[in-house]
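# Sequence and predicted structure, then a few things I'm wondering about:
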Amino acid sequence: MKTVLVTGSQGFIGKALVHSLAQKSFRVIQTGRRSNALAEPSNSSEYYQIDFEDAKAYEKMLCLPHSDAIIHLGTNVGFNGPKLSDMYVSNILATGYIARLAKVWNSQLCFASTAIIAGLKTSFVSSSSPVLLDTPYAETKYLGEELIKASGANYCILRIGGVFGINGPSHLGINNSINKALVGEPPILKGNGGA
């Protein structure tokens, strides 16, 4: 049985991913900053509380069961407000630790980056889009990508755009509309609708 380590397993994407992996008979090692229960309880899942802001996070990561693949979803999402220094440890330093762990374990690393590396207001993003780091969050994800590339680990980087669905991240208005519609509240358009 192949083992997959999923950081950020209790987030919106993490929960869906862990569920899918468990259905496909992978052993899933889940990590998250909270001490909650497993995102997807099963006989082949384990959960470890690891907060990347903790100075001992890397030591804790080294004690995890060896994994064939690491899917790094854990992040401090910050579109408005947080400064680069607020997200440095969780988004940059921790990503470097995880890349190092992937190298030591000879594991495949899949990193969830962000499409806003091409600019927050860029309407179309492709593999040839120029880098436009106009938010501290984009800068932290880009620096994480660069650490991974320099690590020597086997990796792939996914630059994910807005994620929406039932109980999706509340920073996207469409998710708020979906959740309100489910309880019978009509969606409310904010702004001019350009977004």
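On my side now, so go ahead.
# Using the three-state scheme, assign residue 120.
Counting by DSSP: H, G, I helix; E, B strand; the rest coil, the backbone at residue 120 sits in coil.
# any idea how far it is from residue 103?
32 Å (CB to CB, to the nearest Å). Any C-beta I mention is one placed from the backbone N, CA and C, and that applies to glycine too.
# Repeat that for residue 17.
Distance from residue 17 to residue 103, counting by CB to CB: 22 Å.
# Which of the two has more residues huddled nearby?
Ranked by neighbour count (other CB atoms under 10 Å), residue 17 and residue 103 place residue 17 first, with 23 against 16.
# what sits against that one?
6, 9, 71, 73 (CB atoms under 8 Å, 6 or more residues apart in numbering).
# ok, now which ones touch the second one?
Meaning residue 9. Per CB under 8 Å, 6+ apart, neighbours of residue 9: 15, 17-18, 28, 30-32, 38-39, 47, 73.
# neighbours around the nearest residue to residue 35 once chain neighbours are set aside, how many?
Nearest non-adjacent residue to residue 35, counting by CB to CB, 6 or more residues apart in numbering: residue 49, 4.8 Å away. When neighbours are defined as other CB under 10 Å, residue 49 has 13 of them.
# Could you give the backbone dihedrals for the closest residue to residue 33 other than its chain neighbours?
Closest residue to residue 33 apart from its sequence neighbours, by CB to CB, 6+ apart: residue 51 at 4.1 Å. With angles defined as degrees, to the nearest 10, residue 51 sits at phi -100, psi 120.
# Check the gap between residue 51 and residue 59 for me.
Note on residue 51: its distance to residue 59, by CB to CB, is 13 Å.
# Same drill for the two, tell me which one is more crowded.
Using other CB under 10 Å, the more surrounded residue of residue 51 and residue 59 is residue 51, with 17 against 11.
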